[in-house]
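Chemist: Need coordinates for the below:
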Amino acid sequence: MRIGILKTGQPPGEIRAEHGDYDDMFERLLAGRGFDFTSYHVEAMQFPASVHDADGWLITGSRHGVYEDHPFIPPLEDFIRRAVAARVPLVGICFGHQIIAQALGGQVGKHPAGWAVGAQDYDFGDETISLNAWHQDQVVTPPEGAEVAAHNAFCANAALIYGDRAFTVQAHPEFRDDFIEGLMAHRGAAIPPALLDAARERRGRADPSPITDRIEAFFRHSRPAP
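Modeler: Numbers count the residues shown, from 1 in each chain. Next comes the predicted model:
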C-alpha cells in the first residue's frame, strides 16, 4: 500500500540534520507495516497530480496556522475535498488535523489558555493514549458529520473520525522526546518556562504505538468504490 505524505512544513534547521524531516519521522513511525511512501512538499507548492497517485494520504504538522494566508493552503484544501469525495483515506496530524477540519467546514483557532507541550493523556473512550503534543491552535468547531474520537481537558477535539474518509489527531505520534527537547530549545521562546519544565518532567510517558496501530488499521480498512 502506497502512502503519500503531504509535507506542510519542516522542523527547525538546527535539529533537522539529527532528526530528519517530517516525512522521515512518519516513515520511521510506520516502518515495518508494509507501507511504501512518496513525499510531496506541498508547502513549496509540490502537489500530486491526482488524489489517486497514492492509496492513502498523510498530512503532516507545520509551523503555519491553517487560517493564515499562504499560497499552498487553498490548493491543499481543494485536494482534501477531492480525496474525501473519492474515498481515498486521509490521515491528518496537528496542522493536518486542523486543515482537514477547516477544508470540510470546521473552525480552527488558538486556545486562550496557551500551549500544550510534551506528553499529554488523551481519552479515546476505550483507552487512554499518551502522545507528545506541540500546539496552540486546535479545532474549535468540528465539521458537520465529524465524530470526536478523543479529547482531554485542554483539547476537546483531540481526534476526529470522518467515517471511512479521514482520521485526524491533534497530537504528534511521530515526535520522540528528543525531538520535543529540540523544539523547546529552538522554538520555545514564546512558551512559559514553567510549561517547558513540566514537559521535561513528563519525558518518557508518550507511547505512540496504540495510535500507530489505529492509523494502520484506518488506512487498511476496506472501502467501497465512490
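
Chemist: in whichever helix or strand L76 is part of, what counts as buried?
Modeler: Per DSSP states H and E, L76 falls inside helix 73-85. Using 16 or more other Cβ atoms under 10 Å as the test for burial, helix 73-85 gives 73, 76-77, 79-80, 83-84. Heads up, the C-betas are built off the backbone N, CA and C, glycines and all.

Chemist: And that helix, how far out from the chain middle?
Modeler: For helix 73-85, the separation from the chain centroid amounts to 16 Å (computed by Cα atoms, centre = their mean, to the nearest Å).

Chemist: Does anything pack onto it? Which helices or strands?
Modeler: Secondary-structure packing of helix 73-85 (3 or more Cβ pairs under 8 Å, 6 or more residues apart in numbering; DSSP states H and E): strand 56-59, strand 90-93, helix 95-103.

Chemist: Quick check: bridge partners of the residue nearest to the spatial centre of the chain?
Modeler: Taking Cα atoms, centre = their mean, the centroid of the chain lies closest to I93, which sits 0.6 Å from it. Beta-bridge partners for I93, by DSSP bridges, are V169.

Chemist: Contacts only, for it.
Modeler: 26, 58-61, 168-169, 171-174 (Cβ atoms under 8 Å, 6 or more residues apart in numbering).

Chemist: and if you look at G114?
Modeler: Contacts for G114 (Cβ under 8 Å, 6+ apart) come out as 136, 191-192, 195.

Chemist: quick one: buried residues of the worst-scoring helix or strand of the chain on mean pLDDT?
Modeler: Least confident element among the helices and strands of the chain, by mean pLDDT, DSSP states H and E: helix 13-19 (a mean of 89). Within helix 13-19, the residues scored as buried using 16+ other Cβ under 10 Å are 15, 19.

Chemist: Dump it to CSV, restricted to CA.
Modeler: This file holds the C-alpha atoms of helix 13-19, laid out as CSV (Å, rounded to 0.1, in the frame of the first residue of the first chain):
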residue,chain,number,x,y,z
GLY,A,13,17.1,23.7,10.6
GLU,A,14,19.1,23.3,13.8
ILE,A,15,17.6,19.9,14.6
ARG,A,16,16.6,18.7,11.1
ALA,A,17,20.0,17.1,10.4
GLU,A,18,19.7,15.0,13.5
HIS,A,19,16.0,14.0,13.4
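
Chemist: Which elements pack onto it?
Modeler: Short answer (3+ Cβ pairs under 8 Å, 6+ apart): helix 13-19 packs on helix 177-187.

Chemist: What is the subsequent helix or strand relative to the helix it packs on?
Modeler: Criterion used, DSSP H and E; the element after helix 177-187 is helix 193-201.

Chemist: how big is the angle separating that following helix from helix 177-187?
Modeler: Here helix 193-201 points in a direction 160 degrees away from that of helix 177-187 (axes from the mean of the first three to the mean of the last three Cα atoms, to 10 degrees).
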